[in-house]
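Q: Sequence below, structure please.
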Amino acid sequence: MELAELLERHWADHASEHRQQLDAAHYRAVRCVLACRTPAMGGRVHRCGSCRRHHYAYHSCNHRSCPKCGARDQQVWTARQEARLLPVPYFMVTFTLPAELRPLCLARPEVLYDLMLRESAAALQDVIATRYKGAKGGFTSVLHTWGRQVQHHPHVHLIVPAVALHPVTGRLVRPAKDDFLVHFRPLAARFRSRLHDALHNDHPDIYQTITASQRRVLSPAKTWNVQLQPVGQGKTALRLRCRRPRPPGLDRKRHRQDRCPRAPPARDDPALAAPCPAQGAAAHPPLRVPEPRRRQDPPAGPSDARRVR
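A: Numbering: from 1, shown residues only. The predicted model follows:
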C-alpha cells in the first residue's frame with residue numbers, strides 16, 4: 001500500500017481530529033502526495049513500439065515528503081559529496097536528541113531542527129579544536145527526523161574525515177589511531193550545553209515553555225547520547241546516511257507481473273492497466289520509463305516509444 005492510498009483513506013479523519021497541530025505546510029504536503037503522478041499533475045502520452053498501445057507518464061510533484069520523488073536529486077547530491085571525499089579514514093558521529101525534548105521538534109520544527117544541525121557542528125568543531133590544539137575539521141551533516149521503526153526520532157549524522165587543518169600554520173593534523181577521533185563524553189556535554197544556551201539566549205519564547213523534566217534533561221546532570229564509529233573510506237556511510245530516507249512499508253511497488261513493463265504506475269487510470277498483448281514475447285523487450293524529476297522537467301519516454309501528445 002502506498003502513502004497516497006493511506007492518505008486518501010484516513011487523511012480527512014486525521015485532519016479533523018488534529019486540526020490544531022497541523023499547519024499550511026502539512027496540508028500542502030498532502031496535496032502534493034495525493035496529486036503526484038496522477039492526471040491532476042498532467043503528463044505525456046507515449047506509444048509502445050511493440051504493442052502499439054498508449055501509455056501515460058504523469059508528472060511528479062517533487063515534494064520532499066513524497067516517497068516517490070527526489071531520487072534523482074538525492075543521487076546527484078550524493079555524487080557531489082562522494083567526489084569531495086578525501087583519501088583518509090572517516091568517522092560517523094551521531095547526535096541524538098533525548099526523548100523528553102522531541103515534542104519541541106514537533107511544535108517548532110523550523111527552530112529545533114536548525115539548532116540541531118548548527119549546534120552539533122559547532123560542538124564537534126569545539127572538541128576537535130581542543131584536542132588537536134586549534135585545528136579545524138570538516139564534515140558533512142545529515143538530519144534524520146525518524147528512525148527505522150518509522151517513529152519520530154530526530155538525530156544528526158556527521159561524516160567526518162580523520163584529518164584537521166590548523167588555520168594558522170596550515171599543517172594537517174591526524175589522529176594517532178585510525179579508530180579514534182575524540183571521546184564521546186565531552187562531545188555530548190558540549191552539544192547539550194550549546195543547545196541549552198541557544199534555546200535560553202536566542203529563543204526565550206521556547207525556553208519559557210519547556211517543562212520541568214525537559215529542564216532536567218538540559219542540565220549537566222543528564223548524559224546525552226553521542227555515538228562515534230569508524231566507517232572506513234566514508235563512501236558507504238555517505239550513501240547510507242545521505243540517502244533520502246523513506247519508510248519501507250510505504251515505498252512504492254514499481255514492478256507488477258500482470259502489467260506491461262511500459263504501463264503507468266499502480267495509481268494511474270485502471271483502464272490502462274490491462275495486460276499488454278505482447279507481454280512475454282521476445283519482440284517486446286522490458287523497458288523502464290526513467291524517473292520524472294519535476295513538473296517543469298517532463299519525463300522522457302523509452303527509446304522505442306514515440307511521443308503522441
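Q: and the nearest residue to G43 once chain neighbours are set aside, how many neighbours?
A: Distances taken as C-beta to C-beta, 6 or more residues apart in numbering place Y58 nearest to G43, at 3.7 Å, with adjacent residues excluded. Every residue, glycine included, has its C-beta placed from N, CA and C. Residues lying near Y58 (other C-beta atoms under 10 Å) number 23.
Q: Please apply the same query to K177.
A: Neighbours of K177 under the rule other C-beta under 10 Å: 10.
Q: what does S60 give?
A: S60 has 26 neighbouring residues, counting by other C-beta under 10 Å.
Q: Assign it to helix, strand or coil.
A: coil (DSSP: H, G, I helix; E, B strand; the rest coil).
Q: Can you name the residues that contact V156?
A: Each residue near V156 by C-beta atoms under 8 Å, 6 or more residues apart in numbering is listed here: 94-95, 116-117, 120, 141-144.
Q: Surely F95 is in a helix?
A: No. Remark: F95 does not belong to a helix; assigned using three-state DSSP, it is strand.
Q: Tell me the bridge partners for it.
A: Bridge pairing for F95 (DSSP bridges) gives the partners V156, V226.
Q: thought it was touching S120?
A: Yes. In this structure F95 lies within contact range of S120 using C-beta atoms under 8 Å: 4.2 Å.
Q: intersection of neighbour lists for these two?
A: 156, 158, 191.
Q: For A221, see how far away the first one is.
A: Taking C-beta to C-beta, to the nearest Å as the criterion, V156 is separated from A221 by 23 Å.
Q: Mind naming the longest helix for this structure?
A: Under DSSP state H, the helix in the chain containing the largest number of residues is helix 109-131.
Q: Quick check: buried residues in that helix?
A: Of the residues in helix 109-131, those buried by neighbour count under the rule 16 or more other C-beta atoms under 10 Å are 111-113, 115-117, 119-121, 123-129, 131.
Q: Please, where are all the strands along the protein?
A: Along the chain, counting by DSSP state E, strands occupy 43-47, 54-58, 90-96, 136-137, 140-146, 152-161, 164-165, 172-173, 225-230, 306-307.
Q: Figure out which of those strands is closest to L195.
A: If you check each of the strands of the chain against L195 by C-beta to C-beta, strand 90-96 wins as the nearest, at 9.4 Å.
Q: In terms of secondary structure, what does the closest one contact?
A: Secondary-structure packing of strand 90-96 (3 or more C-beta pairs under 8 Å, 6 or more residues apart in numbering; DSSP states H and E): helix 109-131, strand 152-161, helix 184-202, strand 225-230, helix 235-242.
Q: Quick check: which of the ones you listed is nearest to A83?
A: Each of those was scored for nearness to A83 using C-beta to C-beta, and the closest is helix 235-242 (10.6 Å).
Q: how distant is that closest one from the center of its chain?
A: The chain centre lies 12 Å from the centre of helix 235-242; the measure is C-alpha atoms, centre = their mean, to the nearest Å.
Q: and it, average pLDDT?
A: Rounded to a whole number, the mean pLDDT of helix 235-242 is 75.
Q: For that helix, output the C-alpha coordinates as CSV.
A: Taking C-alpha atoms only, helix 235-242 is exported to CSV below (Å, rounded to 0.1, in the frame of the first residue of the first chain):
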residue,chain,number,x,y,z
LYS,A,235,31.6,6.3,0.8
THR,A,236,29.4,3.6,2.3
ALA,A,237,28.3,5.7,5.3
LEU,A,238,27.7,8.6,3.0
ARG,A,239,25.5,6.6,0.7
LEU,A,240,23.5,5.1,3.6
ARG,A,241,23.1,8.2,5.7
CYS,A,242,22.6,10.7,2.9
